[in-house]
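Enquirer: fold the following.
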Amino acid sequence: MAAESSITLAVDCMGGDHGMAATLPGCEAFLAKHADARLLLVGDEAQLSPWASKLGRAEVRHASEVVAMDDAVEIALRRKKNSSMRLAIQAVKAGEAQAAVSSGNTGALMAIARYLLKTIDGIDRPAIASQLPNAAGGATTVLDLGANVDCGPEHLLQFALMGSALVQALGFAQQPTVGLLNIGEEVIKGNDTIKQAGQWLREADAAGAIRFIGNVEGNDIFKAKADVIVCDGFVGNVALKASEGVAQMIGAMLKEELSRNVFTKAAALLALPALKAFKHRVDHRRYNGAALLGLRGLVFKSHGSADAYAFEHALARAYDAAHNGLTAQVQRRVAQAAGVFEAHRMAQFDNNALTLE
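Expert: Numbers count the residues shown, from 1 in each chain. Okay, here's the model as predicted:
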């Protein structure tokens, strides 16, 4: 459906809290800014066809089922084989699209994507990565954000490799720095897994696979101390939800303060440009679009409650990743760190052999 030089995104138009009310206007805004992009709109054909005609660079693929936000993974994976989510990912597998984007059920999206696309050689587990606004006016990429609760040092190194590739592909930094989330900056801090992960990351840095700056603490996520911060999915998801809660609290406080009295409103008018700039700076919608990293194909997860503006940004994230060859960049970094993984595998083998003796 696409010219050789264009990027085609497969869009699950039915997923998320708002469905087509958010996805289709988001698609329209995205196409207006990306002249070489095309969209494969996946969902109810009767509702999508008028939009495809309006958008121009789009075609429709009918899906008779929708994965609900509260569907169990088993239902989404085994029973709803004609869902808009599954068919969008299937288009990536078939080479009809370079990336898929969905606002739907996160667990279902990860399960279907892993089942259909499989993982890249050298990657044990896919991870979820997204950007959190930081004090420097940019964003810090954090992973994992919930896909992997229990992680070994090898997984944290894999996250560092994938996160570095993502940041480079999205154009945030050409030589991304990596920090390991810990309870302190000192090498001796943390549990055994974190200490071992630090050693693996230092070895990967020596091999030129990443730029590791050492341990970082939770507040460093928002200080722009590192371009990429790695942690297990339990910690990452807590950090993500906490940051979203803080952003919502700030917005509510500003709204309440501006509505109090005439003097506050007068002062607000004077400060309006600064307030607008601050609101834009902390607006998490600008960084919507979490990457499901480590798969043999690109899949991006938009926030379930995303509006059209946020969904447009998720599409832009997927476009940039496809345009800049994210999958190939992950494979290259994994190859650079192959010696680190092999050395630790051999050490574990030797230890096991000594135990048996």
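Enquirer: other residues contacting the strand or helix carrying residue 213?
Expert: Following DSSP states H and E, one finds residue 213 within strand 211-216. Applying CB atoms under 8 Å, 6 or more residues apart in numbering, the external contacts of strand 211-216 come out as 160, 164, 175-182, 184-187, 189-190, 194, 198, 201-202, 204-205, 225-226, 229. C-beta coordinates here come from the backbone N, C-alpha and C atoms, glycine included.
Enquirer: next one: that strand to chain centre, how far?
Expert: 21 Å (CA atoms, centre = their mean, to the nearest Å).
Enquirer: show me the contacts for the most centrally placed residue in the chain.
Expert: The chain has residue 290 as the residue nearest its centroid, 2.0 Å off, counting by CA atoms, centre = their mean. Counting by CB under 8 Å, 6+ apart, residue 290 makes contact with 128-130, 145, 300-302.
Enquirer: what about these, which are in strands?
Expert: Those of these mapping onto strands are 128-130, 300-301, per DSSP state E.
Enquirer: sorry, back to before: following element in sequence after the strand holding residue 213, please.
Expert: Past strand 211-216, the next helix or strand by DSSP H and E is strand 228-230.
Enquirer: what mean pLDDT does that next one have?
Expert: Regarding strand 228-230, the rounded mean pLDDT is 98.
Enquirer: same check on stretch 208-218?
Expert: So the average pLDDT for stretch 208-218 ends up being 96.
Enquirer: renumber starting at 47 from here on
Expert: Will do, 47 is the new start, and the previous item becomes stretch 254-264.
Enquirer: from residue 366, how far off is the nearest residue to residue 180 once chain neighbours are set aside?
Expert: Spatially, and ignoring its direct neighbours in sequence, residue 180 is nearest to residue 270 (4.2 Å; CB to CB, 6 or more residues apart in numbering). Distance, residue 270 to residue 366, using CB to CB, to the nearest Å: 20 Å.
Enquirer: those two: which is more packed in?
Expert: Per other CB atoms under 10 Å, whichever of residue 270 and residue 366 has more neighbours is residue 366, with 19 against 16.
Enquirer: list the contacts of the more buried one.
Expert: 215-217.
Enquirer: off-centre distance for whatever helix or strand it lives in?
Expert: Element membership of residue 366 [criterion: DSSP H and E] is helix 354-369. Put simply, helix 354-369 sits 11 Å off its chain's centre (CA atoms, centre = their mean).
Enquirer: in it, which residues are buried?
Expert: 354, 356-369 (16 or more other CB atoms under 10 Å).
Enquirer: among those residues, which two are most distant?
Expert: Using CB to CB, those reach their maximum pairwise distance at 354 and 369, which is 22.1 Å.
Enquirer: span of stretch 211-226 from start to end?
Expert: End-to-end distance for stretch 211-226, by CA to CA, to the nearest Å: 16 Å.
Enquirer: how many neighbouring residues does residue 237 have?
Expert: 10.
Enquirer: for residue 362, give its distance to residue 334.
Expert: In terms of CB to CB, residue 362 sits 9 Å off from residue 334.
Enquirer: also residue 53?
Expert: 18 Å.
Enquirer: looking at those two, which one has more neighbours?
Expert: residue 334 (27 against 20).
Enquirer: so what's the more buried one closest to, chain neighbours aside?
Expert: residue 356 (4.0 Å).
Enquirer: same check, this time on residue 363
Expert: residue 335 (3.4 Å).
Enquirer: tell me the contacts of that neighbour?
Expert: Neighbours of residue 335 in contact, by CB under 8 Å, 6+ apart: 147, 176, 346-348, 359-364.
Enquirer: mind doing that once more with 10 Å?
Expert: Residue 335 is in contact with 147, 149, 176-177, 216, 346-349, 352, 356-367, counting by CB atoms under 10 Å, 6 or more residues apart in numbering.
Enquirer: that older thread, which ones among the contacts of strand 257-262 map onto helices?
Expert: 206, 210, 240, 244, 247-248, 250-251 (DSSP state H).
Enquirer: ramachandran coordinates for the residue nearest to the centre of the chain?
Expert: phi -90, psi 140 (degrees, to the nearest 10).
Enquirer: what residues are bridge-paired with it?
Expert: Note on residue 336: beta-bridge partners residue 347, judged by DSSP bridges.
Enquirer: residue 62 and residue 357 touch, don't they?
Expert: Yes: with contact defined as CB atoms under 10 Å, residue 62 counts as touching residue 357 (7.9 Å).
Enquirer: list residues touching both of those two?
Expert: By CB under 10 Å, 6+ apart, the residues touching both residue 62 and residue 357 are 68-69, 149, 348-349.
Enquirer: now do the SS call for residue 187.
Expert: What DSSP: H, G, I helix; E, B strand; the rest coil gives for residue 187 is strand.
Enquirer: what about it, neighbour count?
Expert: Residue 187 has 27 nearby residues by other CB under 10 Å.
Enquirer: who does it bridge with?
Expert: In beta-bridge terms (that is, DSSP bridges), residue 187 pairs with residue 177, residue 274.
Enquirer: I figured it hits residue 286, correct?
Expert: No: between residue 187 and residue 286 no contact is recorded; they are 11.7 Å apart, counting by CB under 10 Å.
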